[in-house]
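[1] Please work out how this folds:
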Amino acid sequence: MNIEAFREYCLSLGDVEEKLPFAKMAGGDSVLAFYVNGHTFCYCNIEEFKTVIVKCQSERICELTESVKGICPPDNHFNTKYWIGLDVLVVETETLKELVANSYDIVKSKYKKKA
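    Take a look at the predicted model:
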């Protein structure tokens, strides 16, 4: 999957905003984050589209890491208990989509839409 197809997929999930939240920081203008209800559900580097970082249920992370090639700890993320990295060159497209949708569902159900 390339960055354009990935971006279109994320936006197709509904009520999704995309932002460059670190644009004012050195090198941060290449980090694209996707939000639902004002909270991040995934992000990636758009210049080097190699890894997508998504939220995941902590109880699924170990099983996914053992059973799916291309699942790794998230780069530069402080909370590895709830976030995983997906190598876009290794993880199959359908698995990538399922895990992005899962992340979206986690965040959407946790946070109510702001009026």
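
[2] contacts, neighbours, all on C-alpha from now
    Fine.

[3] ok, which stretches of the chain are strands?
    Along the chain, the segments classed as strands by DSSP state E run 16-19, 31-36, 39-45, 51-55, 71-72, 83-87.

[4] which of the ones you listed has the lowest average pLDDT?
    Sorting the strands of the chain by mean pLDDT places strand 71-72 lowest, at a mean of 90.

[5] tell me what it is packed against?
    Under the contact criterion of 3 or more CA pairs under 8 Å, 6 or more residues apart in numbering; DSSP states H and E, strand 71-72 touches helix 58-67, strand 83-87.

[6] Now do the last one: distance to the chain's middle.
    Relative to its chain's centre, strand 83-87 lies at 7 Å (CA atoms, centre = their mean, to the nearest Å).

[7] Give me the contacts around it.
    With contacts defined as CA atoms under 8 Å, 6 or more residues apart in numbering, strand 83-87 is touched by 50-56, 61, 70-75, 77, 96.

[8] Kindly report the same for stretch 25-43.
    Contact with stretch 25-43 is made by 10, 15-23, 44-47, 52-55, 100, 103-104, 106-108, 111-114, as judged by CA under 8 Å, 6+ apart.

[9] ok, and the closest non-adjacent residue to the spatially most central residue of the chain?
    Computing the C-alpha centroid of the chain and ranking residues by CA atoms, centre = their mean puts C42 first, at 2.3 Å. Distances taken as CA to CA, 6 or more residues apart in numbering put V54 closest to C42, at 4.5 Å, once the chain neighbours are dropped.
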